[in-house]
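Peer 1: pasting a predicted model and its sequence here:
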Amino acid sequence: MPTTPQYLHACSMRRRLPWLALSLLLAAGAWAEPLTVASVESPGRVLRVSLQLDGGNPSYRVERLGDTVVAESRLGFQLRDGRLDRDLAVLGQTARSVDETWEQPWGERRFVRNHYNEVVVQLGERSGAGRRIDVVLRVFDDGLGLRYHFPQQPGMDEAIIDEELTEFAIAPAATAWWIPAGEAIHYEYLYRRTPLDQVPLVHTPITLRSGDGLHVAIHEAALVDYAGMWLRRTDGQRLRAQLSPAAEGWKVRRSLPFDTPWRTVQISDRAGGLVESDLILNLNEPNALGDVGWVKPSKYLGMWWSMHLDRESWATGPRHAATTAKTRKVIDFAAAHGFRGVLVEGWNPGWDGNWVGNGYDFDFTRPTADFDIQALSAYGAKKGVHLIGHHETGCAVEHYEDQLDAALDLYASLGVDAFKSGYVCDDGQVDRRNPAGGALWREWHDGQFMARHHLKVVQEAARRHIAVNPHEPIKDTGLRRTYPNWISREGARGMEYNAWGQPPNPPEHEVNLVFTRLLAGPMDYTPGILSLKGRGGQPIPSTLARQLALYVAIYSPIQMAADLPEHYLQHRQAFRFIEDVAVDWDDSRVLNGEVGDYATLVRKDRHSRDWFLGSITDEHGRVLPVSLGFLEPGVRYRAEIYRDGDGADFRSNPFAFVRETREVTSADALTLVLAPGGGQAIRFVPL
């Protein structure tokens, strides 16, 4: 990728393009068949997206190299004051082409190319209120973004949206990987694999694979002050947007002018092509925070796993984990092994009793009597270790917002520059005050109310140079580009289910995450459980080597070494990889992979010349040849290999493990032998 100043400042050309089909074809009597009123090709002419009007009803279509991927699919809205999806005419069009490269402050790769062609079509009602709306089609070689713009207009100060009517009519017969929407546990499900024509109401990203191997992922980008998009299958393979509900009855209420989030479709011949795509990031606005050198990608330990094992508790008392003495010991271990952070959960009042979905006893401005937060912050600072804060809301969101300024001021005064938040309650049960008094309103985790809340927390934290890592969050839509202190989040079934879940996460789950949830953005999965045991000795479906590979396969700029310190000392050879692995990358690539089956990823450390490889498989063993052509030519590397040993199997022999080294170059190839439920991790160090 070019890195010259001239190239990095890029060209962004606003001009009419002769090869765009932008004719206004609205002659009388032309309504018998859908009429193409605009079309735009991707820069490499891989994709073509066209906009049609059929009797004034708008739809769009997507073709890839001449084959239809998305057949005619409706556009529009059900507004409180009537539908806005019919009797429309084109009022005008504009087009532009952009080719630029921008630098991520942290991420999967340092430099991102943003290359697209775009057409904006202004539509207006031919009768009635004469309302206007713009449809924006932005097309890349690996996918597209589609959004609506509600312009300022006479007689319409706001839009009250009861439902969005955007459709995705997938043309080729496809298999789908999905999790349900509209149910209690928000995003924390195992992914299901079914024919697309059998999916119900689902969350995005949803990942599809056609019979001939075309991979498609549908999601959204730049979810700001709007309800999250679910997808409901209406018939066959036609999916329709269904916005997350709101207590008022409508889904979205916004003053004009405003833009909706982007509806995204990523398309690739390879499953890995979906992972390597930067489309979601590119559809977000540039960094709004300026210099964010204070955001520190890093690894951390924490007071966490012992509580999920039920050895210690969040609540005060004899089993309280977050005490001064216990935290000092974890700080000492972190300092000795090169970890920057120590997460402390249960440090503040409110954890006694039943706090799930009932967070009104939480106080975020003071510690419990047995936790000296000032002394521990100072102690950690002397050792180069930062406390990572924790704010569990129990879904009493406005109770939390009442204390937000004071809580963040406390952290800033103590040098706590990152915190984890939590929203533990059933989806649809987030508390909201009723402005008329009376019973509380109830909101969903991804409704407009929570979209506003999460952004408020991120913006207030940014003012104090603090990074945010929400759990039970609203889904990721790439806003980390605009707000780089939104450093990671959960938003999927994480490692804690291996402590107490029935069932625990099967081996295919983490492979599925690579090609589904992780398309949205980083995930704080909390890997590294080298004991391979959950609560009561429940076996974790993994080999030892697989736990190491997760640090490369599952991307996050913050990575937790989630197990207990004593377990790392018991598995010292394996722990060495966790000590060494980087978290901030100059480049990332998928060497091979299939959804739900296996995945091999390599990433280059941004702060050295080291490369790291992580390969994971499902319940089946694999033999995966990989070329080392990603390494720097002409350089010899020491490959530090952490692999499954002979006879390894996640069910019967999970601790069979080998660490070995060999010299390699970019001209070499390796054969990765992965045990059932296994994995392999490699560090490549230039000699």
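Peer 2: In hand now; what should we look at?

Peer 1: now the helices for the stretch 1-150 of the chain?
Peer 2: Taking DSSP state H, counting those that start in this stretch, the helices of the stretch 1-150 of the chain run over residues 5-8.

Peer 1: restrict stretch 399-418 to CA atoms and write it as CSV.
Peer 2: Output of stretch 399-418 as CSV, limited to C-alpha atoms (Å, rounded to 0.1, in the frame of the first residue of the first chain):
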residue,chain,number,x,y,z
HIS,A,399,-29.6,6.1,36.9
TYR,A,400,-26.2,5.5,35.4
GLU,A,401,-26.3,8.7,33.2
ASP,A,402,-27.1,10.7,36.3
GLN,A,403,-23.7,9.7,37.7
LEU,A,404,-21.8,9.6,34.4
ASP,A,405,-19.9,12.9,34.7
ALA,A,406,-18.8,12.3,38.3
ALA,A,407,-17.9,8.6,37.6
LEU,A,408,-15.7,9.5,34.6
ASP,A,409,-14.2,12.4,36.5
LEU,A,410,-13.2,9.9,39.2
TYR,A,411,-11.5,7.6,36.6
ALA,A,412,-9.7,10.5,34.9
SER,A,413,-8.3,11.7,38.3
LEU,A,414,-7.0,8.3,39.0
GLY,A,415,-5.4,7.6,35.6
VAL,A,416,-8.0,5.0,34.7
ASP,A,417,-7.9,5.4,30.9
ALA,A,418,-10.3,2.6,29.9
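
Peer 1: in that stretch, what's buried?
Peer 2: Within stretch 399-418, the residues scored as buried using 16 or more other Cβ atoms under 10 Å are H399, Y400, L404, A407, L408, L410, Y411, L414, V416, D417, A418. For glycine as for every other residue, the C-beta is placed from the backbone atoms N, C-alpha and C.

Peer 1: what does it contact?
Peer 2: 294, 296, 341, 359-360, 362-365, 373-374, 377, 381, 386-389, 391, 393, 419, 431, 453, 456-457, 460-461, 464-469, 487, 558 (Cβ atoms under 8 Å, 6 or more residues apart in numbering).

Peer 1: among those, which ones are in helices?
Peer 2: I373, Q374, S377, A381, H453, K456, V457, E460, A461 (DSSP state H).

Peer 1: so where's the chain shaky on pLDDT?
Peer 2: Within the chain, the stretches with pLDDT under 70 are 1-33.

Peer 1: circling back to that earlier point, just the closest of the buried residues of stretch 399-418 to V685, please.
Peer 2: Using Cβ to Cβ, A418 comes nearest to V685 of those, at 28.7 Å.

Peer 1: tell me what that closest one is bridged to.
Peer 2: For A418, the beta-bridge partners are A467 (DSSP bridges).

Peer 1: circling back: among the buried residues of stretch 399-418, which two are most distant?
Peer 2: H399 and D417 (24.6 Å).

Peer 1: where do the strands sit along the stretch 151-300 of the chain?
Peer 2: With DSSP state E, counting those that start in this stretch as the criterion, the stretch 151-300 of the chain has strands at 158-164, 167-170, 174-178, 192-195, 201-202, 206-210, 215-221, 229-235, 238-243, 252-255, 258-259, 262-268, 298-303.

Peer 1: contacts for the first one next, please.
Peer 2: Applying Cβ under 8 Å, 6+ apart, the external contacts of strand 158-164 come out as 76-81, 150, 227, 229, 241-243, 249-256, 258, 260.

Peer 1: partners of that strand, with directions?
Peer 2: For strand 158-164, sheet partners with direction are given as strand 77-79 (antiparallel), strand 252-255 (antiparallel), following DSSP bridges.

Peer 1: now that strand: buried residues?
Peer 2: Across strand 158-164, burial judged by 16+ other Cβ under 10 Å covers A159, I161, D162, E163, E164.

Peer 1: redo those residues as a markdown table? Include distance to E103.
Peer 2: Converted to a markdown table, the buried residues of strand 158-164 look like this (distance: Cβ to Cβ, whole Å):
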| residue | distance to E103 |
| --- | --- |
| A159 | 36 |
| I161 | 36 |
| D162 | 41 |
| E163 | 39 |
| E164 | 34 |
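
Peer 1: now, the most widely separated pair of these?
Peer 2: Between any two of the buried residues of strand 158-164 (Cβ to Cβ), the greatest distance is 12.2 Å, for A159 and E163.

Peer 1: any quick PyMOL command for the buried ones out of the contacts of stretch 399-418?
Peer 2: A single PyMOL command selects the buried members of the contacts of stretch 399-418 (16+ other Cβ under 10 Å):
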select buried, resi 296+341+359+362+364+373+377+386+387+388+389+391+393+419+431+453+457+460+461+464+466+467+468+469+487+558
